[in-house]
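# predicted structure and sequence below. I'll ask about it afterward.
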Amino acid sequence: MVDLPGYGFARASGLGREKIGELIDSYLFNSIYTQKKVVMIIDAGVGMTDKDILMLNELRNHHKDFIIVANKIDKLKQSDYHKKMAEIKKVVGDHLIIPFSNKTRKGVLTLVDEIFK
Ligand SMILES: Nc1nc2c(ncn2[C@@H]2O[C@H](COP(=O)(O)OP(=O)(O)OP(=O)(O)O)[C@@H](O)[C@H]2O)c(=O)[nH]1
Ligand SMILES: [Mg+2]
């Protein structure tokens, strides 16, 4: 299991971030490695960012077997939860999205099932 660094978050400086992006891209799409499954973890409260949409398109273009995990749902109020999930679904289209919380462990079993399916 490979835990890739986040491509969206601006913690690294400009050049470092660019380099990380290139490394992620070449690992996923242009290397000798193949992945059985790719789990794309997004922040449910933030929704699909432009970079997430680019990644989604690349995963589709390269026919990757991927799962989208909408993390941090514990931070959302019930009404926001439905709104945010609907927004994400609209952007993603026809694909499984697992509502998830690493804090409450919601969605863990569903994710494990999907990974080993
Ligand atoms: N409330 C809440 N916080 C979470 C959840 N999952 C992660 N966090 C918090 O979010 C922050 C980032 O978590 P990481 O696991 O480091 O995220 P990451 O995507 O691996 O980050 P990078 O690898 O640096 O891109 C930490 O402070 C976590 O405690 C969640 O489900 N709920
Ligand atoms: Mg990380």
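Perfect, I can see it now. Ligands and ions are numbered 1, 2, ... in the order given.
# C-alpha only now, for contacts and for neighbours.
OK.
# please name the nearest non-neighbouring residue to Leu56.
Val92 (7.8 Å; CA to CA, 6 or more residues apart in numbering).
# beta-bridge partners for the most centrally placed residue in the chain, please?
Central residue of the chain (CA atoms, centre = their mean): Met40, 2.3 Å from the mean position. Beta-bridge pairing for Met40 (DSSP bridges): Ile68.
# that one is in contact with Ile68, isn't it?
Yes - taking CA atoms under 8 Å as the definition, Met40 is a contact partner of Ile68 at 4.8 Å.
# and the strands in the protein?
Counting by DSSP state E, one finds strands in the chain at the ranges 38-43, 66-71, 97-99.
# out of those strands, flag the one nearest Gly21.
Among the strands of the chain, the nearest to Gly21 by CA to CA is strand 38-43 (14.5 Å).
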